[in-house]
Structure formats: structure tokens, C-alpha cells
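A.B. asks: Sharing a sequence plus its predicted fold:
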Amino acid sequence: MNTILVTGGLGFIGSHTVIDLVKQGYSVIIVDNLSNASAKVLPVLEELSQKKIPFYPVDIREKKELEKIFQEHQIDAVIHFAGLKAVGESVQKPLSYYDNNLISTITLLEVMEEYSVRKLVFSSSATVYGEPEKMPLLETDLTGATSPYGRTKLWIEQILQDLCDANDAWDVVALRYFNPLGAHKSGDLGEDPKGIPNNLAPYITQVGVGKLEKLHVFGNDYPTSDGTCVRDYIHVLDLAAGHRAAITYLEKEHCRYEIFNLGSGSGFSVLEMIKSFEKAIGKEIPFVVDSRRAGDIPVSYADTKKAEDKLGWKVQKTIDEMCADAWRWQKKHPDGFEP
Ligand code: NAD
Ligand code: UDP
């Protein structure tokens, strides 16, 4: 397999994965409707990889436009990142989330079927574990969703399972990501959320550059060692390498449908993350403790054995590297891609 179509390839995780794939010798084609990405990411990707990368500014719900891409290129596999991802927004605008995430995936699968491209890596999420009862989280654990966003991930997983059950020619890997952060070593590619960040890492780095006054810690009365929530953070470059491992797996195995956790297997609390960022930034991060955020679970971290055994993949980077890399990007580009 040499040519990979990457949907959502100008977004945070997609862009880092594109760099990784191109560096490994894959030909990559990007489709992204720019709903949550800047067109300025493309020249950065081309500069960092020293390659021209075909890009289509297309909404993948537009079947005719998507078909044109499959007509123009001999695609071997697809990595499907495109989707809306903000949990809180999905509660406010459920129909947008169902429309965008479900219709885009179904349209993509129909076009793949039409062009006999039946190898897919899908971006799922640890959110599909809902409100789990035990840690670490295993791929076989019960699932459940607490938001429309989470439901789109769960339903897409089910659609993919049904498709693979119905047609033996399909091979699909669903990757359940834990909490991605970090950035490319150059400091020229990183997470660029629109508006006020929802996620912890970009919020802290924006406090670091002075764009936000202080961090609001959502609750310190959880049943954890310091009372703040614990998450499994993973460097976006490790995550990118996990996608490459999934593509290699699809090249070798007729796997039908497989799910893998992509996480580090360790958990860090919000206060531990603040400390690690303070080390990277070289100054204190002011914060206040607020009430709990609706829907947050106390602890989440992955069992990573399946990915280690079957994909031959595990994380390489530490929390300190994640924080240092995220900070390098934010410091160099305080206003992201669109100053
Ligand atoms: P992102 O928003 O940076 O990237 C998604 C990209 O998809 C964006 O560039 C956006 O413009 C594009 N897009 C959205 N809808 C589209 C459509 N209909 N047609 C074409 N392009 C479209 O998000 P990310 O953090 O890179 O996440 C990538 C994937 O991973 C998403 O599916 C997300 O749900 C999933 N995920 C992310 C996280 C996280 O914390 N970042 C965690 C678990 C899972
Ligand atoms: N969090 C916080 N303040 C923020 C953003 C996040 O205290 O401004 C906490 C949040 O409650 C959670 C952890 O940081 O416990 C990670 O949150 P994030 O939104 O990054 O990821 P999630 O695991 O919720 O998807």
C-alpha cells in the first residue's frame, strides 16, 4: 500500500500523521473542508516534509466531489480523521454533529466501496467507554456515550463492524485515542483551537503566553490522589506513529474489524500536568479551582497491551516532552496559524 487518503489531514492529529507517513515514503492525499483547520497548515506540511502534497478543500459529505478524488488517484487505504470533536458543542448542536460525523463517514464508506478501496483506519476515542467502572480500559470493556459527540463515535464503530460483517473484503482498524497533546519538534505545527480552548493543554499554554489570565481547574474533590481528574496523555507524534503502525497492520493482516486503544497506559492529574507545564514554560501557571465540569469522569487510562502485541506500537515520549513541545509551538505561534 503506497497511497493513503487522509480525511481531516489539516487538523491537529491528521497533520502530524501526514508528516509521519510522508517521511516513511507514503504518498498522501489530503481532503479537509477547513471547518476547523487553517489552509496555512498545507505549506507547513510541504516545507517540513519537502514534498508536494495534493490537497482537496472538500467537505466529504459532498459525494460527487469525493468521487472525483478517487477517480484522480489510485488510493490504497484511507485514514479518516475528519469530524467535529468538541463534546460541549455537541450537546448544544447535536444535529450538526450527527450530520457532519455520521453522513461524512457513510458517504466516505460508500465511495470507498464504489472504488473497491476497502482498507480504513478510523479515529475513535476513549470517550466511547462512557462512565467506566474499572481501570485500565480494555478494548473489550463495556461502551457507552455521555454526549452526542461520543454517540457519533460509538455509532460509527458499530457501522464499521456491520460493514466488515457484511463484506469479507473490508479491513478496518478503529483507534480509540486517549488525550493527545504536544506538537511537531520544529514548533511550526501544533494544536490551534478556534476560540477559547476546551482542552487542558492548549488552555494552559495560552495562559503561558498571556492570552488567558488563569486556568480554571474543574474540581478538586474527585477520588484521586490530589482530588483532580486523571487522564492518559499521549504525544501527538506517538499517535501519528500509531496510525502508521495501523496501516502496516492492514498491509499484512486480513484483520476484518479490530479496535485498539492508543494511550500511554499511565494517568496524570490536572495538578501534575500544571507542574509539568510550569517546568516547560519556566514560570508559574496561575489557576483557580472551580466546580466540576459536567460529564467529566474521575480517571481514565488505557490498557495498551493489544496495541503493543498486535501493532508492535507503544508510546516513546514522556509527559515532560509533551509539555515542552506543546509550549514550543505556542510560544513561537501565540496566535496559531492565523495571527
Ligand atoms: P481537528 O478538528 O483538528 O481535525 C479534524 C479535521 O477534520 C479538521 O481539519 C476539520 O476541518 C476537518 N473536517 C471536519 N469535518 C469535515 C468534513 N465533513 N469534511 C472534510 N473535513 C472535515 O481534530 P483532531 O484533534 O485532529 O481530531 C481528529 C479526529 O480524532 C477527530 O475525528 C476527533 O474526533 C478524533 N479524536 C480527537 C481527540 C482529541 O482530543 N483531539 C481525541 C479522541 C479522538
Ligand atoms: N480541565 C480543567 N480545566 C480546563 C480544561 C480541562 O481542569 O480548562 C480538566 C478536565 O476536567 C479533565 C482534564 O483537564 O479532567 C482533561 O480535560 P480535556 O478537556 O483536555 O480532556 P477530556 O479528557 O475531558 O477529553
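C.D. replies: Everything's here; your move. Ligands and ions are numbered 1, 2, ... in the order given.

A.B. asks: contacts and neighbour counts: CA atoms only from here.
C.D. replies: Will do.

A.B. asks: residues from the stretch 101-250 of the chain in reach of ligand 2?
C.D. replies: 198-200, 203, 215-218, 229 (C-alpha under 6 Å from any ligand atom).

A.B. asks: wait, doesn't residue 53 sit right on residue 26?
C.D. replies: No - look at residue 53 against residue 26 with C-alpha atoms under 8 Å: they stay out of range, at 10.8 Å.

A.B. asks: quick one: which of the residues of the stretch 101-250 of the chain next to ligand 2 is nearest residue 243?
C.D. replies: residue 199 (22.2 Å; C-alpha to C-alpha).

A.B. asks: neighbours of the closest one, just the number please.
C.D. replies: With neighbours defined by other C-alpha atoms under 10 Å, the count for residue 199 comes to 13.

A.B. asks: cool, and residue 64?
C.D. replies: 11.

A.B. asks: quick one: it from residue 106, how far?
C.D. replies: Distance of residue 64 to residue 106, given as C-alpha to C-alpha, to the nearest Å: 14 Å.

A.B. asks: how near is residue 96 to residue 86?
C.D. replies: 11 Å.

A.B. asks: Could you do residue 262 as well?
C.D. replies: 19 Å.

A.B. asks: Comparing these two, which residue is more hemmed in?
C.D. replies: Per other C-alpha under 10 Å, whichever of residue 262 and residue 86 has more neighbours is residue 262, with 33 against 16.

A.B. asks: Would you agree that one is in contact with residue 177?
C.D. replies: Yes - with contact defined as C-alpha under 8 Å, residue 262 and residue 177 form a contacting pair (4.9 Å).

A.B. asks: secondary structure element for residue 38?
C.D. replies: Residue 38 belongs to no helix or strand when elements are defined using DSSP states H and E.

A.B. asks: Can you tell me the number of residues neighbouring the spatially closest residue to it that is not a sequence neighbour?
C.D. replies: Leaving out its chain neighbours, the residue that sits closest to residue 38 by C-alpha to C-alpha, 6 or more residues apart in numbering is residue 337, at 6.5 Å. Residue 337 has 18 neighbours, counted by other C-alpha under 10 Å.

A.B. asks: what secondary structure does the residue of the stretch 1-150 of the chain found nearest ligand 2 sit in?
C.D. replies: Residue of the stretch 1-150 of the chain nearest ligand 2, by C-alpha to the nearest ligand atom: residue 127 (7.2 Å). Local secondary structure at residue 127 is given as helix here, using DSSP: H, G, I helix; E, B strand; the rest coil.

A.B. asks: That one touches residue 152, doesn't it?
C.D. replies: No - with contact defined as C-alpha under 8 Å, residue 127 does not reach residue 152; the gap is 10.5 Å.

A.B. asks: so what's the residue lying closest to residue 145 once chain neighbours are set aside up against?
C.D. replies: With C-alpha to C-alpha, 6+ apart as the criterion, residue 145 has its nearest non-adjacent residue at 4.7 Å, and that residue is residue 130. If you count contacts by C-alpha atoms under 8 Å, 6 or more residues apart in numbering, residue 130 has them with 143-146.

A.B. asks: No further queries at this time; thank you.
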